[in-house]
Structure formats: C-alpha cells, structure tokens
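1. Have a look; sequence and predicted model below, questions after that.
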Amino acid sequence: MGRGARGEAPGRLIGVSLGPGDADLITRRAWAQLQRSDALWSYPQRSLKTDSYALAIAQRAGLAVPADALQLIFPMTHDVEKLSRAWLRAAEAVLPVLRSGRDVLFLVEGDASTYATFGHLARTVQALDAEVALEIIPGVTSFHASCARLQLPFSEQDDTVAIVPAAYGVDMVERQLDDYDTLVLMKIKPLLDELLTLLSRRGLLEHSHFVERAGAPDERVLRGTELLQLQGTKVNYLSLLIVKNPQRLRGDRVKGCKKKTPLPDPLPNIPTT
C-alpha cells in the first residue's frame with residue numbers, strides 16, 4: 001500500500017531536533033540532515049499569520065530554506081477534534097512525498113520526543129501507512145539549556161526531578177513541590193500569576209528561575225524576587241519555571257522520604273612521592 005509507482009520503499013519521516021533556540025545547539029547529526037538536497041523540509045506553524053519558531057532556528061544557523069519546504073499548520077487549541085483534523089491534514093500532506101520514496105525532515109524546536117508536535121504527526125502518518133519508517137534525532141531541551149544558562153545544576157547525586165505541564169493546575173503543582181528536589185514547570189503562560197502567588201506563599205521565590213525563549217536572541221531570564229515583575233503580564237508560550245526545593249536540598253525528611261546523604265567534603269591534598 002505504501003510503496004511508490006516503481007515499487008520502492010517509502011521514505012522516512014525524520015524528526016530533526018534543533019534545540020531550544022540557539023543555533024549553536026544544533027547537533028552535528030541534525031546539521032547533516034539539514035544539508036541534504038534529496039529530502040523535503042517540513043516545519044510546524046501555529047497559523048498562516050505567525051512565523052515558525054523551528055524554522056527560525058534553522059535560518060539563524062545560516063541555512064537557506066528550500067523552495068519546496070512545506071509548512072504544516074498545527075493550531076494552538078485544546079479542542080481534540082480540531083487538533084485531530086490538523087494532524088490528519090499534515091499527515092496527508094507529507095504522505096505522497098514519503099510514498100514516492102523521499103525522506104521528509106520535520107523541523108522541531110527543542111527535542112522531538114519531548115512535548116513536541118512530531119509525535120502526533122508520526123502516529124497519524126503510521127496509522128495511514130504502517131510501512132513508513134520513523135527516525136528521531138535527539139536535541140537539547142529547553143530546561144537543560146535553561147539550567148546551563150543559569151549555571152544551575154539540573155540534578156545532582158540522588159536528586160529527584162519532575163517535569164510538569166503547569167496546565168495540570170496549581171494544586172497539583174503544590175503537591176509536587178514537596179516531593180521533588182527540582183521541579184520544571186512547562187507551559188506556564190495561563191497560570192503564571194497563580195504560580196507566583198504559590199511560590200511566594202511557600203517561600204520559594206528565591207529558589208525559582210524564569211526563562212523565556214531559551215537560547216533565542218530575545219531570551220529573558222529572571223531569578224528570585226525578580227519574578228514578581230511578571231505579575232499581571234503576558235509571557236511567551238515558550239516560557240518555563242525551574243523551582244528548587246530547599247528542604248530537600250538540605251536533606252530534611254519530607255513526607256517520610258529517606259534523608260539524603262550529604263556530599264562528602266573535598267579530599268585532602270595527598271603528597272606524592
């Protein structure tokens with residue numbers, strides 16, 4: 001069913017991760033794919049009136065966008081029916097190319113397996129044609145890039161970490177605060193004021209960090225009480241909060257968790273013979 005007119009196998013659908021915004025974070029493997037002249041570029045776009053963030057990363061890297069590059073519209077909505085129709089339209093747009101035996105590169109900001117549109121497209125394509133092969137090129141995530149920018153360890157020793165879409169609600173976020181050393185809150189835009197109120201009430205503002213459009217030229221970073229500047233404002237969809245739990249960092253007992261073993265002191269200087 002999926003083979004082309006000459007009987008060749010379908011092309012591969014390749015998720016090309018580009019990192020969160022800094023073109024220097026594109027991996028060599030992703031770069032090699034973007035140099036190909038035989039593959040079709042495709043990229044996600046929220047609407048015809050907005051630019052593609054993923055495509056902009058490739059452009060900042062100095063890459064010329066191929067004339068036949070294909071934009072795929074994925075609207076910002078929680079309406080399951082609208083999303084399903086968008087995924088189907090995107091899959092139907094790339095399938096003829098794949099069935100001709102040509103690979104399709106799908107450009108993704110961040111990492112293609114982490115809160116990315118690529119998974120929805122890949123599942124829909126394979127539901128229509130199971131012979132289409134997939135490949136995912138891993139990339140730097142926004143939270144890892146943010147920790148590097150902040151010079152903040154993401155995790156150490158036996159730290160526990162949770163990565164949570166804030167849309168689950170403030171009550172759930174508060175429960176997570178007691179159970180993890182590091183909490184990464186994604187998609188914070190709709191609940192930002194409520195999250196700031198929570199962090200203030202829990203005395204966690206000084207241990208919190210805000211990063212918007214990590215690695216992009218207009219990146220914004222705020223730390224501690226600087227976050228109060230955000231109250232009543234609108235932030236970009238590509239924003240996150242990284243919260244450290246000071247009780248767990250001190251090794252205090254939290255909800256029956258085993259007390260953490262402190263890091264050893266540095267080794268003394270040992271004379272050599």
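-> Okay, I see it. Numbering: from 1, shown residues only.

2. pLDDT below threshold where in the stretch 101-250 of the chain?
-> Residue ranges of the stretch 101-250 of the chain with pLDDT under 70: 248-250.

3. Any idea what residue 42 is bridged to?
-> residue 70, residue 106 (DSSP bridges).

4. I figured it was touching residue 107, is that so?
-> Yes - counting by CB atoms under 8 Å, residue 42 does reach residue 107; the two are 7.1 Å apart. (Each C-beta comes from the backbone N, C-alpha and C, glycine too.)

5. mind listing what residue 98 touches?
-> Applying CB atoms under 8 Å, 6 or more residues apart in numbering to residue 98 gives the contacts 2, 10, 11, 12, 13, 104, 125, 129, 132.

6. circling back: more neighbours, residue 42 and residue 107?
-> Legend: neighbour count by other CB atoms under 10 Å for residue 42 and residue 107, higher for residue 107 (28 against 24).

7. My understanding was that the more buried one contacts residue 39; is that so?
-> No - the criterion here is CB under 8 Å, and residue 107 misses it with residue 39 at 11.3 Å.

8. Next, show the common contact partners of these two.
-> By CB under 8 Å, 6+ apart, no residue touches both residue 107 and residue 39.

9. for residue 229, what are its contacts?
-> Counting by CB under 8 Å, 6+ apart, residue 229 has contacts residue 222.

10. does it sit in a helix, a strand or a coil?
-> Under DSSP: H, G, I helix; E, B strand; the rest coil, residue 229 falls in the helix class.

11. related to what we said a few turns ago, include distance to residue 204 when you put the contacts of residue 98 into CSV, please.
-> CSV is the format used below for those (distance: CB to CB, whole Å):
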residue, distance to residue 204
2, 52
10, 50
11, 49
12, 45
13, 42
104, 44
125, 42
129, 49
132, 46
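
12. just those residues now: which is nearest residue 28?
-> For residue 28, the closest of the contacts of residue 98 turns out to be residue 12, at 18.7 Å, with distances computed as CB to CB.

13. How about residues contacting stretch 16-30?
-> For stretch 16-30, the external contacting residues (CB under 8 Å, 6+ apart) are 33-34, 53-54, 57-58, 60-62, 105-112, 136-142, 145-146, 213-216, 219, 238.

14. same thing but 6 Å
-> With contact meaning CB atoms under 6 Å, 6 or more residues apart in numbering, stretch 16-30 is reached by 33, 54, 57, 60-61, 105, 107-112, 137-140, 142, 145, 213-216.

15. From these, which land in helices?
-> Members of the contacts of stretch 16-30 lying in helices (criterion: DSSP state H): 33, 54, 57, 60, 142, 145.

16. quick one: pLDDT of the spatially closest residue to the third one that is not a sequence neighbour?
-> I take that to be residue 57. Closest residue to residue 57 apart from its sequence neighbours, by CB to CB, 6 or more residues apart in numbering: residue 18 at 4.4 Å. pLDDT recorded at residue 18 is 98.

17. again, but for residue 80
-> On pLDDT, residue 80 comes in at 89.

18. And the one 4 residues further on, by the same measure?
-> Turning to residue 84, the model gives it a pLDDT of 92.

19. Ok, residue 77 next?
-> The model reports residue 77 with a pLDDT of 83.
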